[in-house]
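Visitor: one predicted model, sequence on top.
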Amino acid sequence: MWRQVGIALLAAWLPTSGFTTELGASGQATPEITGSLEGERREWFVLSHGSDSNASFVELGDDINIDITGSVDGEAWESDEALSISLTVAEEQLTNAVVIYAIGTSVSPPLFTSEGGDVAVTLTHYERTSQAVHVAGKIEGLMALQVALGEPASLEEGIEIDVAFDVEAQKIEF
């Protein structure tokens, strides 16, 4: 639950304009997260502005905590339909993952979450430099609906997720 609150606070803090995405060879923004929700094709963009990014990591002891937030708009942050992925990696192995799909105008319930769901998150690539982590992987399964903070998520109204991500996260310095 605290991770969800942290993601919501991060989303509220992020500016709503001035962010950019990487442009592909065609000059179009390239999504870093692609796949499907409930069988419908979807894509999300990781926005950045200078050293600020919607993909970042911090070191906590031996753990690397990576937070990625994908926006459906490649040019401006919008929390509506955002996909947030929080990963904890220790010794280059994934030890924890939480995935949240925002269905409202903020990253707070109601939302779909992997907590209480049946979701598998796997890493296919992990590479770290001093200031960046390149991480790629797959998210598959059934996400549960959480209606309100403090209430358990339910699979009764869950949604299927099948997405791949390929993101470079920037180190946050305090």
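Guide: Received it, and whenever you're ready, just let me know what you need.

Visitor: so what pLDDT did residue 170 get?
Guide: Per-residue pLDDT puts residue 170 at 94.

Visitor: what sits against it?
Guide: When contacts are counted by C-beta atoms under 8 Å, 6 or more residues apart in numbering, residue 170 touches 48, 51, 53, 55, 56, 57, 131, 132. Every residue, glycine included, has its C-beta placed from N, CA and C.

Visitor: which single one of the residues you listed is nearest to residue 165?
Guide: Nearest to residue 165 among the contacts of residue 170: residue 55, at 9.3 Å, using C-beta to C-beta.

Visitor: that closest one: neighbour count?
Guide: 23 (other C-beta atoms under 10 Å).

Visitor: who does residue 98 bridge with?
Guide: residue 86 (DSSP bridges).

Visitor: that one and residue 135, how far apart?
Guide: 15 Å (C-beta to C-beta, to the nearest Å).

Visitor: what pairs with residue 64 across the strands?
Guide: Going by DSSP bridges, residue 64 forms beta bridges with residue 59, residue 89.

Visitor: residues near it, how many?
Guide: Count around residue 64 with other C-beta under 10 Å applied: 22.

Visitor: got a list of what it touches?
Guide: Shown in contact with residue 64 (C-beta under 8 Å, 6+ apart): 57, 58, 88, 89, 90, 128, 133.
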